[in-house]
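Student: Generate coordinates for the sequence data below:
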Amino acid sequence: MKTLLSGGTVVSLDPAVGDLDRGDVLIENGKITKVAERIDAPDAEVIDASDRIVMPGFIDNHRHNWQTAFRGIGADWTFAQWATAMHGTVKAHYTPEDVYAATLLGRLEALHSGITTMLDWYHVAQDHEHEDAAIAALREAPARSIFCLGAGWATPRPVDDDIRRVRSALDGHGLVTMAFGLRGADDTGMDTLARELQLADELGLRTSLHTGSDGTQRPIADMHKHGLLHGTTTFVHGNGISDEELRMLADAGSSLSISPDVELKMGFGAPMTGRALAAGLRPTLSIDVVPSVGGDMFAAMRAAFAAQRGLDGGLRARDLLEFTTIDAAASCGLDARTGSITPGKDADIILLRTDDITVFPVTDPAGTIVSAGHPGLVDTVLVAGRVVKRDGALLGVDLPTLKSRLTASRDRVAAAAGVQLDGTWRP
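Tutor: Presented below is the predicted three-dimensional model:
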């Protein structure tokens, strides 16, 4: 099967391929086989990409999808209020159906906005039925997903059996793979962290770990001292850690995921974008939690760009595109497969409208995407060469039914938890 994306403005994010003002992309059996100004492929299905930017799909490497039903409720919450609300109040009332509905709609919403790959950081942590519900939802969404299984919020509960069970279930399962969500030494102690990293290595799993410092702790230095900094770990947030610790991450080959909207709004501190770059790290961006922020990568890029440019002005629009594509792919161990429009890679590609009144005329594609992009521009989405969104609409999705299921889920959980949904509830 062949597909030809014809006549678009190609922003490949691959230096060897470069950008094309007018270019074609040929896809065969789900993979990119050729990128050129013009490609003759008479036997291919042609997708007209004129008045479109053709670029790799975005990659969100840290989102807690199970919270989708409570979108927007925490727009003015602090971090402490969010933790009290999500983990201390509503989480205990989630059924497997609630997890399924939130995970599916959240993953589809991200796909709709051009996020072709997502790491779903699962820490609702109830039982196997809840885990299986989340996995089933990710499998149903026609997208590349990483189920990052964590133990839960600040709990010492062992997760070895859970990790092995899910690893076995997801072994070789196409677009849905697995990662290990670590709790950190502050939750469980350094010995437990070391044992879980050993288990991840044994099972061939990448890991993700929330971290940060108020200036008195040295979490990265402590891990470094114990030989626990791995190139397969993505550290999330990192606000407040020292420049020395950032260099330790760079030397170890670790990655850093920044959630700029959440960090700025919840009081974590300034995003670590510029300091990470100065230390030799290529940061990545993520959404984190939609009860507090929007779920699209355009907004995350704008927040990170504005915050850093206000400090030193050294960041470029193309940097933000790299953070959310090829750099994020590397953080997930997927840079050989996705993250750029490169012959040989899977065709995870999005087409953005350039004739929309909110961005027209497009003079600098990268600058336009970062400064003015929004989900309404996402016209077409392909995952592994399969068209999953066309002409601005997801294909094969019964959205009214999904919306009804998620609304019913939210209302049931809120009632069980005693949460008011009229805007007056404050955790």
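
Student: Could you say which helix or strand holds residue 119?
Tutor: In the assignment (DSSP states H and E), residue 119 maps to strand 115-122.

Student: buried stuff in the helix or strand that that strand is followed by?
Tutor: Downstream of strand 115-122, the first helix or strand assigned by DSSP H and E is helix 128-140. Across helix 128-140, burial judged by 16 or more other Cβ atoms under 10 Å covers 130, 131, 132, 133, 134, 135, 137, 138, 139. Using the backbone N, CA and C atoms, a C-beta is placed for each residue, glycine as well.

Student: Cross-check the contact I'm expecting between the fourth one and residue 97.
Tutor: Okay, so that is residue 133. Yes. Applying Cβ atoms under 8 Å, one finds residue 133 in contact with residue 97, separated by 6.9 Å.

Student: Kindly provide the distance from residue 92 to residue 192.
Tutor: Look at residue 92 and residue 192: by Cβ to Cβ, to the nearest Å, they are 23 Å apart.

Student: Next up, the contacts around the closest residue to residue 220 other than its chain neighbours.
Tutor: The shortest distance from residue 220 to any residue other than its chain neighbours is 3.6 Å, reached at residue 245 (Cβ to Cβ, 6 or more residues apart in numbering). When contacts are counted by Cβ atoms under 8 Å, 6 or more residues apart in numbering, residue 245 is found next to 213, 218, 219, 220, 221, 224.

Student: top of those by neighbour count?
Tutor: residue 220 (25 neighbours; other Cβ atoms under 10 Å).

Student: Quick check: which element contains it?
Tutor: helix 219-225.

Student: Downstream of that helix, the next helix or strand is which one?
Tutor: Sequence order places strand 233-237 as the next helix or strand after helix 219-225, per DSSP H and E.

Student: That next one pairs with which strands, parallel or anti?
Tutor: Within its sheet, strand 233-237 is paired with strand 207-211 (parallel), strand 255-258 (parallel), according to DSSP bridges.

Student: what separates the shortest one from the chain centre, distance-wise?
Tutor: Translated: strand 255-258. Centroid separation for strand 255-258 versus its chain: 11 Å, with Cα atoms, centre = their mean, to the nearest Å.

Student: what about residue 287, how many neighbours?
Tutor: Neighbours of residue 287 using other Cβ under 10 Å come to 28.

Student: Find me the pLDDT at it, would you?
Tutor: As predicted, residue 287 sits at a pLDDT of 98.

Student: So what does it look like in phi/psi?
Tutor: The phi/psi pair for residue 287 (degrees, to the nearest 10) reads phi -90, psi -40.

Student: Renumber starting at 13 from here on
Tutor: Right, with 13 as the first residue, what we last looked at is residue 299.

Student: So it sits against residue 315, correct?
Tutor: No. Contact criterion Cβ under 8 Å: residue 299 and residue 315 do not qualify, at 10.6 Å.

Student: Now list whatever residues contact both of the two.
Tutor: residue 273.

Student: As a check, name the ranges of all helices in the stretch 263-412 of the chain.
Tutor: 272-278, 285-290, 309-321, 329-335, 338-343, 377-384, 411-429 (DSSP state H, counting those that start in this stretch).

Student: among those helices, which is the most enclosed?
Tutor: When the helices of the stretch 263-412 of the chain are scored by mean count of other Cβ atoms under 10 Å, the highest mean neighbour count falls to helix 338-343 (a mean of 26).

Student: Residue 365: neighbour count?
Tutor: Neighbour count for residue 365, taken as other Cβ under 10 Å: 19.

Student: which residues touch it?
Tutor: Applying Cβ under 8 Å, 6+ apart, we find residue 365 in contact with 63, 64, 371, 388, 389, 391.

Student: mind running it again at 10 Å?
Tutor: Listed by Cβ atoms under 10 Å, 6 or more residues apart in numbering, the contact set of residue 365 reads 63, 64, 65, 371, 372, 374, 388, 389, 390, 391, 392, 404.

Student: so how far is residue 65 from it?
Tutor: Using Cβ to Cβ, residue 365 is found at 8 Å from residue 65.

Student: Name the residues contacting each of the two.
Tutor: What both residue 365 and residue 65 touch, as defined by Cβ under 10 Å, 6+ apart, is the set 371, 374, 389, 391.

Student: Farthest pair within these?
Tutor: With Cβ to Cβ as the measure, no two of these lie farther apart than 374 and 391, at 13.6 Å.

Student: From the contact counts, what lies against the lowest-mean-pLDDT helix or strand in the chain?
Tutor: One helix or strand of the chain scores below all others by mean pLDDT, DSSP states H and E: helix 197-200, with a mean of 80. In terms of contacts (3 or more Cβ pairs under 10 Å, 6 or more residues apart in numbering; DSSP states H and E), helix 197-200 is packed against helix 202-215, strand 219-223, helix 231-237.

Student: For that helix, buried residues please.
Tutor: In helix 197-200, counting by 16+ other Cβ under 10 Å, buried: 197, 199, 200.

Student: And the residue lying closest to residue 14 once chain neighbours are set aside, how far from residue 118?
Tutor: Spatial nearest neighbour of residue 14, chain neighbours left out: residue 56 (3.7 Å); criterion: Cβ to Cβ, 6+ apart. The gap separating residue 56 from residue 118 is 34 Å, by Cβ to Cβ.
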